[in-house]
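Everything below, folded, please.
(4 chains)
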Number of protein chains: 2
Amino acid sequence: MGQSSRSELTRLTGLSRATVSSIVTDLLSAGLIREGADTADPRTRPTGRPAQSLTLIPSAAFAVAADIGHHHVRVAVCDLHGNPIWDTAVGNDTDRAPSETLDLTADLIHQALREKGIAIADVLGLGVDIAVPVRAADGVLEAHGIMPGWVGLRPGRELEQRTGLTTWIANDADAGALAERLYGAGRGTSDMIYIRLSTGIGAGILSGGRPLTGAGGLAGEFGHILADPRGPICRCGNRGCLETVAGSAAIARLLEHSWGRRVTVPDLLRLIDEGEKGAVRALEDAAERVGFVLANLVTVLNPEFIVVGGDLAAAGPKLFEPMERAIRRYALAPAAEDVTVVPGELGDQAEVRGAAGMVLAHAPRILAGRRVAAESGDDRHDPIGAD
Amino acid sequence: MGQSSRSELTRLTGLSRATVSSIVTDLLSAGLIREGADTADPRTRPTGRPAQSLTLIPSAAFAVAADIGHHHVRVAVCDLHGNPIWDTAVGNDTDRAPSETLDLTADLIHQALREKGIAIADVLGLGVDIAVPVRAADGVLEAHGIMPGWVGLRPGRELEQRTGLTTWIANDADAGALAERLYGAGRGTSDMIYIRLSTGIGAGILSGGRPLTGAGGLAGEFGHILADPRGPICRCGNRGCLETVAGSAAIARLLEHSWGRRVTVPDLLRLIDEGEKGAVRALEDAAERVGFVLANLVTVLNPEFIVVGGDLAAAGPKLFEPMERAIRRYALAPAAEDVTVVPGELGDQAEVRGAAGMVLAHAPRILAGRRVAAESGDDRHDPIGAD
DNA sequence: ACAGTATTGATCGATCTCGGACGAAGTGTG
DNA sequence: CACACTTCGTCCGAGATCGATCAATACTGT
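As a prediction, this is how the structure comes out:
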């Protein structure tokens, strides 16, 4: 996104050269982009007139993002390149009234803008992601086990009212997937699965470049695929969900029997890092189960990348090797060949950066609207839930 | 698609009323649509000026479709409503040289147009579906077990050259899914899974209204999800694929042991229909396995409909009840509540009608181009693999 | 009967976008 | 160095699309 040129934009957007040229002229005079030096490598340069390179001026506008999880609220301000220039996470108990969490979120946003000295007019919008399924059509939260008090709310609209910012909202896994595609391990692909292996297991699926949300926004509930028909009862009411046999808390619990004391997730990660045999074995078994389930998804979805995030991704090859082995063994061979399994690159910033990415993906349209708005009256309408 | 009105088109297309009005005027004068009688039900009519109903004149233009399967070629000519007015299937051995099959297909197409007295100028295009994965970007066939001689070919382009018709191509399962969505059991939904239970098991997935093809066009290989780690070896090289334990041929083979003679698929269906206990039991067990696998897909994809086609769909409740029971039991509860399992309505016409549907979905654009072409030179370009 | 409301359909000027023509800026060749 | 060739960027007229506005047609309530 950083460097481009008029003719490259022509190819990317599908617009004609004439149109791109006209828009670029406007953006130049609006001070949002800059014609850069001609940095093309003389050796790789093709014949013909060289393209004039164009650079976004990153500080010309900003996107605000909020990540609302089970036990935290994280707010970031990102520049036009998607890089966070302000990023703060605070602990929070979502079992309290949702309005308190939303107030806290709005306070953090106002604090961020104040501290960075950014005017509302320079903010393109607010991207929100939340650990609850979101109905894509209207941004209403759907029913699911966690955070039950939030079902039926429209936090996008709430935050829009509290901040005055145009708001987009999505599920946290979908936001994480978008971030890894835009800025992380899945750059440029249009068919990927992003899974987060933590106490909970969730997935965001990108298909044909778009998030796969399903009819009710529930898609991606990877952690509740049945992994063991005789496994433990899950908080969702089924038994043997992948989460109950391969979530990091479930793995840690496996060790409590032999250690005779409580084992936390940090304990588990330390033991794995030290190579403690029991912990490694438990991890490998869990990884194989995850790989087995992923194999079936690979057969059905034929993704190009599987990006793995969450606590457990830190375990490195001890996690990835058994997981990949299971995928190669159990998935349809040509589909297994198409897929590459990689660790996420964005860590716990993924979700909030993806939320900002939702806003930045609309930057051209927003900026186009603003050019008009500067001349006539400003009356853009509510794009909550817009794709 | 049959009945509509200007304002309904405004909502469907997202275009402005002004634009729709202008296009409708053109189509009216071109004789492609007709202003119908005001047939709205007086009881359900809302307040305001009633909409003028518009009807496609079905015989104003046609779409040609070809369905190329393992052992057959089927060609149909459909009117603008998508109804077949000519439909013929012939046996064929795809192990022969692909060019012979393509020649046969082109011959059938020419025969159809000749018999119906349709001029090439009145044909919007040719839709092709084939029982091989198709790479969406360019229509090249991908590697897979069946019909190996076809890999790397571009049958869309081949048929375009043989017939002179603008051609679209897709996988057969995706075409079937599209047909059931346009004309069959999944009318109007945008998130559905179409599965075909026959000797082979395949699925076409529609997500957000678009076919889910995956990175290499392989998506939907539902029959090769692992259903039984100790099951028989499959033609794909894995073992225990769903197809080997729940395909109709696999079920029939189960009965051969006790009957001591060869049991064909028609035999199996007859026995099931007669209520023979062993056959029913075998079917129910297979249905439960399919349901189990579908449950995981429901959890991950959250579809609105599952449409079941293929030989086995004829078995009715004996198939559907155990299948649905498994879905309700093993899928994430809210996702299971969102989904409805229904038999397909189009039978073995599904694929070919879906192929025609691909063409008809582009009818507005094609017709718009033609209006221009009638005035200036005709130079529309190759949309093979276009979405 | 009549104003008020709601929805559809047509018209008009403004704007957006496109394709084609043209000039600009480089490389390669004789 | 002249010339062909390639790609990039701009200009211009044609057509598509839009928002705003107005007219048409029905129902509702008094």
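
Okay, now the unreliable bits of chain A?
A:1-2, A:37-46, A:145, A:368-387 (pLDDT under 70).

In it, which helix is the longest?
If you go by DSSP state H, chain A has its longest helix at helix A:277-301.

What angle do helix B:277-301 and that one make with each other?
Here the directions of helix A:277-301 and helix B:277-301 differ by 100 degrees (axes from the mean of the first three to the mean of the last three Cα atoms, to 10 degrees).

Show me what residue of chain A gets nearest to DNA strand D.
The nearest approach of chain A to DNA strand D comes at A:Gly48, 1.9 Å away (Cβ to the nearest atom of the strand). Just so you know, the C-beta spots here come from the backbone N, C-alpha and C atoms, and that holds for glycine as well.

Angles on the backbone of that residue, please.
Main-chain torsions, A:Gly48, degrees, to the nearest 10: phi 100, psi 170.

Could you count how many residues lie near it?
Counted with other Cβ atoms under 10 Å in any protein chain shown, the neighbours of A:Gly48 add up to 7.

Ok, A:Ala363 next?
Number of residues near A:Ala363 (other Cβ under 10 Å) recorded here: 18.

what are the pairing partners of whichever helix or strand comes after the longest helix of chain A, and which direction each?
Sequence order places strand A:305-309 as the next helix or strand after helix A:277-301, per DSSP states H and E. Using DSSP bridges, strand A:305-309 pairs in its sheet with strand A:192-197 (parallel), strand A:340-343 (parallel).

The longest helix of chain A - contacts with which helices or strands?
For helix A:277-301, the packing partners by 3 or more Cβ pairs under 8 Å, 6 or more residues apart in numbering or on different chains; DSSP states H and E come out as strand A:192-197, strand A:201-207, helix A:242-246, helix A:248-259, helix A:265-274, helix A:317-330, helix A:333-338, helix B:277-301.

closest to A:Leu56 out of the ones you listed?
Between A:Leu56 and those, the shortest separation by Cβ to Cβ is 23.3 Å, and it involves strand A:201-207.

Tell me the first helix or strand C-terminal of the closest one.
As assigned by DSSP H and E, the chain's next helix or strand after strand A:201-207 is strand A:210-211.

Walk me through which strands that next one pairs with, and which way each runs.
Note on strand A:210-211: by DSSP bridges, its sheet partners are strand A:201-207 (antiparallel).

angle of the partner strand against helix A:248-259?
Angle of strand A:201-207 versus helix A:248-259, following the same axes, to 10 degrees, is 150 degrees.

And the contacts of strand A:201-207?
Outside strand A:201-207, the residues that touch it by Cβ atoms under 8 Å, 6 or more residues apart in numbering or on different chains are A:171-178, A:181, A:186, A:189-196, A:211-212, A:219-223, A:242-243, A:246-247, A:290, A:301, A:303, A:310, B:207, B:212, B:214, B:300.

Of these, select the buried ones using a PyMOL command.
To isolate the buried ones among these in PyMOL, judged by 16 or more other Cβ atoms under 10 Å in any protein chain shown, type:
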select buried, (chain A and resi 171+172+173+174+175+176+177+178+181+186+189+190+191+192+193+194+195+196+211+212+219+220+221+222+223+242+243+246+247+290+301+303+310) or (chain B and resi 207+212+214+300)
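
which ones are touching the residue nearest the centre of chain A?
By Cα atoms, centre = their mean, chain A has its centre lying nearest to A:Gly176, at 1.6 Å. Counting by Cβ under 8 Å, 6+ apart, A:Gly176 makes contact with A:Asp129, A:Tyr194, A:Arg196, A:Gly204, A:Gly309, A:Gly344, A:Leu346, A:Ala350, A:Glu351, A:Gly354.

Quick check: phi and psi on the first one?
Comment: the main-chain dihedrals of A:Asp129 come out as phi -130, psi 150, following degrees, to the nearest 10.

Surely it is in contact with A:Val75?
No - the criterion here is Cβ atoms under 8 Å, and A:Asp129 misses it with A:Val75 at 11.5 Å.
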